[in-house]
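**Student:** sequence unknown, structure follows:
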């Protein structure tokens, strides 16, 4: 039986942020944390362009300067002296330091800080994980099952490394990655013409490369745009129709929106009404397209966008096409295409469900309260440390924390604060925070005085 203070499933950007912060804390002697990262495919698998419907050439939605230490405000969690020491060490893992180490810094600056491709960012993640070594163990294997030890209140994680079966125990577990793709209603006989965000490259060989065909892409976010970019480049004679549930929008990139992503405490995010938080996420993160990628297809007459919610996919024209049924404000309609790619999103809870045996799923549902029966748009009870509230041992799911704790935790908006929050119970203890009368923790400004050059002012109020 192997032990770890924190085990993370997946070796992506969030894992790299936590690994580098663990390395800094351990090196400085501020903690002795053991971190295990389990990766089934490869480091930065979602960024390389070798897995799923992404080419790796898509532009990063945020500037890479928002790196694993950003926004470098560790003093708010760990105090002035320790926080400054941590951030000073985190500079060694910055995006600029990566470019310097790989001899690309001056070229990137002189080029005007151009947008970075996903595969380049994946190289950065791999570079980080190769250097964050103090207390960090990366295991190349697949998590097969996660069970619960009721006596010790720890997670028991079974890992298949191909050469052996390992079992880990840990008081804290974290899930990363996009989750499991959401299904789309369809007839069984169209399965051969349907693809989704997890489809392997070999499956795409069913789509002809030298012949003209019509491809439908269903979804209104980055996954849909990634699929469009990949297929548009590899199928030059294809025609594309993107079905979006609402009017297509590009990502907001102003100081006000970016500030909310960088540090949700600056706007007292959790105190905002659910309606206000949901509206911000909807217009700034979910269901929006990257302006740079949109610019590339703006004058491509092979691409068109259709507003409507796809309700079902049936067989069309003697089984040689798919018929897409949609609901729209102007009335229901249907169109036929040769193939369809489902990019309607991912479900992190489904990923968790697949890892847990039935008894543990039931126990989790009992402790959290109706977790599995919640509708897709419902708020998941995620606490300040990005953990599932009501669950001990801790289960951190940052990908579900966007609505409850701040939109940056579900993406790359505030990796430094994400790492601080997940690691805080291991460094400072898991008890209620100072000034808290409900166990959820007082605002950080109440615990660590803000600096004169770091004013806290709400961006919006109810």
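**Tutor:** It's in. Computed from a prediction, not measured in an experiment: that's the story for all the values here.
**Student:** start and end of stretch 139-153, how far apart?
**Tutor:** Taking C-alpha to C-alpha, to the nearest Å, the first and last residues of stretch 139-153 lie 23 Å apart.
**Student:** which parts of stretch 153-172 are buried?
**Tutor:** 154, 155, 156, 157, 158, 159, 166, 168, 169, 170, 171, 172 (16 or more other C-beta atoms under 10 Å). Yep, even glycine has a C-beta here, placed from its N, CA and C like the rest.
**Student:** what sits up against that stretch?
**Tutor:** The contact list for stretch 153-172 (C-beta atoms under 8 Å, 6 or more residues apart in numbering) reads 1-7, 36, 38, 139-149, 152, 173, 387, 392-396, 422, 425-426.
**Student:** in helices, which of those residues fall?
**Tutor:** Among the contacts of stretch 153-172, DSSP state H puts 422, 425, 426 in helices.
**Student:** including neighbour count, could those residues go into TSV?
**Tutor:** Formatted as TSV, these follow (neighbours: other C-beta atoms under 10 Å):
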residue	neighbour count
422	25
425	19
426	21
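**Student:** which one of those residues is nearest residue 121?
**Tutor:** residue 422 (20.8 Å; C-beta to C-beta).
**Student:** give me the distance from stretch 413-421 to the chain's centre.
**Tutor:** Centroid displacement of stretch 413-421 relative to its chain, using C-alpha atoms, centre = their mean, to the nearest Å, is 13 Å.
**Student:** which SSE is immediately downstream of the helix or strand containing residue 100?
**Tutor:** Per DSSP states H and E, residue 100 falls inside helix 95-101. Sequence-wise, the next helix or strand downstream of helix 95-101 (DSSP H and E) is helix 105-110.
**Student:** and the closest residue to residue 203 other than its chain neighbours, bridged to which residues?
**Tutor:** Take residue 203 and drop its neighbours on the chain: the residue closest to it by C-beta to C-beta, 6 or more residues apart in numbering is residue 195, 6.4 Å away. On the basis of DSSP bridges, residue 195 is bridged to residue 341.
**Student:** ok, residue 195 to residue 48 distance?
**Tutor:** Between residue 195 and residue 48 the computed distance is 19 Å (C-beta to C-beta, to the nearest Å).
**Student:** please apply the same query to residue 109.
**Tutor:** Applying C-beta to C-beta to residue 109 and residue 48 gives a distance of 25 Å.
**Student:** over to residue 38?
**Tutor:** Taking C-beta to C-beta, one finds residue 38 at 18 Å from residue 48.
**Student:** more neighbours: the two, which one.
**Tutor:** residue 38 (24 against 20; other C-beta atoms under 10 Å).
**Student:** now do the contacts for that one.
**Tutor:** Contacts of residue 38 (C-beta under 8 Å, 6+ apart): 7, 8, 9, 10, 11, 139, 141, 142, 143, 157, 159.
**Student:** report the contact partners of the fifth one.
**Tutor:** Residue 11 makes contacts with 37, 38, 39, 42, 43, 44, 45, 125, 129, 138, as judged by C-beta under 8 Å, 6+ apart.
**Student:** which residues of the stretch 101-250 of the chain fall in strands?
**Tutor:** For the stretch 101-250 of the chain, applying DSSP state E, counting those that start in this stretch gives strands covering 136-140, 142-149, 154-160, 165-170, 172-175, 180-181, 194-196, 214-218, 239-244.
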